[in-house]
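Q: with the sequence up front, the predicted model follows.
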Amino acid sequence: MAHALQPLHTFALNNQCQNFVEITHLEQLKTQSFESPFCLLGEGSNTIFLNNYAGTVIKMATKGIKVNERESDYLIGIAAGENWHQLVSYLLDENIPGLENLALIPGTVGAAPVQNIGAYGVELAKFVESIEYFDIASKAIVSLNNTQCEFAYRDSIFKHALKNKAVITQVHLALPKKWQPILSYGPLQQITAITPQAVFEQVIHTRNSKLPNPYTLPNAGSFFKNPIITNERLSKLLKIFPELPHYEYGKNHHKVAAGWLIDKAGLKGYRVAGIEVHQEQALVLVNHGESEGDDLIAMIKHIQQTVFSRYSIMLEHEVRLFDQTSEYHINTESVQ
Ligand SMILES: Cc1cc2nc3c(=O)[nH]c(=O)nc-3n(C[C@H](O)[C@H](O)[C@H](O)COP(=O)(O)OP(=O)(O)OC[C@H]3O[C@@H](n4cnc5c(N)ncnc54)[C@H](O)[C@@H]3O)c2cc1C
């Protein structure tokens with residue numbers, strides 16, 4: 001039976017899926033059919049359904065947080081369906097800091113390791129002790145340690161070798177008792193009395209002033225990844241664009257700000273049907289309604305082409321796109 005997808009993803013395109021299942025108990029996974037096509041979903045803040053989906057959308061909605069005190073840290077076990085921001089807030093109330101830079105990132109705890117969420121100089125990977133997943137082939141629960149998760153910038157094993165093979169069920173985070181604030185990002189340097197709560201509030205304040213609320217103006221957050229380029233390439237670009245914001249990424253690479261590339265290419269306010277490059281934050285695409293998947297595809301290609309012709313940098317979309325039956329990538333090959 002058809003089920004509306006609009007309320008299930010924050011970009012809110014008006015499409016439907018054939019079947020919808022909500023997992024509230026892990027036992028349900030054992031009897032769930034994973035015959036293709038299926039799509040795992042949390043709160044849909046990094047997923048866009050471009051068309052009607054001819055398969056089953058499986059939403060993870062299991063709950064539970066367990067705190068275990070150890071000698072030098074707290075080990076927190078969290079069920080996949082818990083809301084990420086509520087977890088950050090709950091832990092701060094319990095005097096367990098560490099996650100405050102990641103406040104207000106929408107979505108579930110189970111989706112957080114998939115793209116190794118990050119913000120304000122901190123990535124989830126820093127705190128992951130282990131991740132448990134339901135192995136679709138063997139129907140067993142498997143545990144991976146941090147290294148085995150192959151975390152990288154907005155990336156993990158769950159986007160590659162374990163894609164469509166694993167349902168993340170439980171995330172275990174180790175939060176050190178000795179708090180070390182990370183204040184390297186501009187807005188956090190304005191904090192005068194540095195406490196976890198002050199960092200939490202400053203992150204919320206900054207995010208609210210920069211990013212449109214997806215629940216009032218549909219969007220999927222940062223649409224493109226910040227490109228990683230070699231130091232050599234960066235020096236050449238800086239000769240032409242001296243103001244290009246860049247951040248060190250390992251010894252030989254730098255990350256450059258995708259939002260700046262889009263903004264300076266004159267694309268703020270560019271519109272295809274109801275989809276617009278946000279007027280204040282060029283990295284965010286917003287959906288004013290009356291838009292379809294094809295409009296979004298046209299928008300993505302236009303941005304990629306414009307940015308490529310100006311800087312010779314190909315932007316990669318961070319948001320996961322789904323067409324009728326499977327994940328859909330718009331990459332270099334599809335740009336004319
Ligand atoms: C306004 C806004 C701001 C944002 N800011 C940030 C930011 O600062 N930093 C950042 O990193 N991200 C950011 N995001 C992106 C998003 O919040 C994260 O990617 C988040 O982790 C998505 O959670 P979700 O539950 O909504 O995932 P969904 O969109 O539901 O799913 C995301 C992907 O994970 C897979 N998945 C979901 N649950 C599971 C599971 N249990 N097991 C296996 N696979 C699963 C899905 O198949 C899908 O491919 C932002 C998004 C918005 C809308």
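A: Received, thanks.
Q: in the chain, which ranges drop under the pLDDT threshold?
A: Low-confidence segments of the chain, defined by pLDDT under 70: 1, 332-336.
Q: would you mind listing what in it touches the ligand?
A: 10, 39-47, 60, 80, 105-108, 110-112, 114-115, 117-119, 158, 167-168, 211, 214, 219-221, 320 (C-beta under 6 Å from any ligand atom). Glycine gets a C-beta too; all of them are placed from N, C-alpha and C.
Q: partner strands of the longest strand belonging to the chain and their direction?
A: When the chain is parsed with DSSP state E, its longest strand is strand 166-176. The strands that strand 166-176 pairs with in its sheet are strand 73-79 (antiparallel), strand 128-135 (antiparallel) (by DSSP bridges).
Q: thinking again about what came up before, now the buried members of the residues of the chain next to the ligand.
A: The neighbour count (16 or more other C-beta atoms under 10 Å) marks 10, 39-47, 60, 80, 105-108, 110-112, 114-115, 117-119, 158, 167-168, 211, 214, 219-221, 320 as buried among the residues of the chain next to the ligand.
Q: returning to that earlier point: can I get the strands paired with strand 166-176 in JSON lines including mean neighbour count and distance to Y90?
A: What follows is these, written out as JSON lines (neighbours: other C-beta atoms under 10 Å; distance: least, C-beta to C-beta, whole Å):
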{"stretch": "strand 73-79", "mean neighbour count": "20", "distance to Y90": "10"}
{"stretch": "strand 128-135", "mean neighbour count": "20", "distance to Y90": "18"}
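Q: got the ones you listed as CSV, with distance to A152 columns?
A: Shown next, in CSV, are these (distance: least, C-beta to C-beta, whole Å):
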stretch, distance to A152
strand 73-79, 22
strand 128-135, 13
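Q: so which of those strands is nearest H246?
A: Nearest to H246, of all the strands paired with strand 166-176, is strand 128-135, at 27.2 Å by C-beta to C-beta.
Q: show me the residues around whatever residue of the stretch 51-200 of the chain ends up closest to the ligand that make contact.
A: In the stretch 51-200 of the chain, the residue that lies nearest the ligand is G107 (2.1 Å; C-beta to the nearest ligand atom). Counting by C-beta atoms under 8 Å, 6 or more residues apart in numbering, G107 touches 42-43, 45-46, 83-84, 117.
Q: per-domain residue ranges of this protein.
A: 3-60, 65-199, 219-334 (automatic domain parsing).
Q: and the furthest pair within the contacts of G107?
A: N46 and N83 (14.2 Å).
Q: isn't L5 right next to L50, touching?
A: No - when contacts are counted by C-beta atoms under 8 Å, L5 is not listed as touching L50 (10.3 Å).
Q: so which of those two has more stuff around it?
A: L5 (25 against 19; other C-beta atoms under 10 Å).
Q: one step back: now render the domains of the chain as TSV, adding distance to T206.
A: Shown next, in TSV, are these (distance: least, C-beta to C-beta, whole Å):
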stretch	distance to T206
domain 3-60	18
domain 65-199	4
domain 219-334	12
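Q: just put the contacts of G107 in a markdown table and tack on secondary structure.
A: Converted to a markdown table, the contacts of G107 look like this (DSSP: H, G, I helix; E, B strand; the rest coil):
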| residue | secondary structure |
| --- | --- |
| G42 | coil |
| E43 | coil |
| S45 | coil |
| N46 | coil |
| N83 | strand |
| W84 | helix |
| I117 | coil |
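Q: format these as JSON lines; extra columns: distance to F200.
A: Formatted as JSON lines, these follow (distance: C-beta to C-beta, whole Å):
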{"residue": "G42", "distance to F200": "22"}
{"residue": "E43", "distance to F200": "20"}
{"residue": "S45", "distance to F200": "20"}
{"residue": "N46", "distance to F200": "22"}
{"residue": "N83", "distance to F200": "15"}
{"residue": "W84", "distance to F200": "13"}
{"residue": "I117", "distance to F200": "16"}
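Q: ok, the residues you listed vs M314, which is closest?
A: N46 (20.2 Å).
Q: can you map out the helices along the stretch 101-250 of the chain?
A: For the stretch 101-250 of the chain, the helices defined by DSSP state H, counting those that start in this stretch cover 196-210, 231-240.
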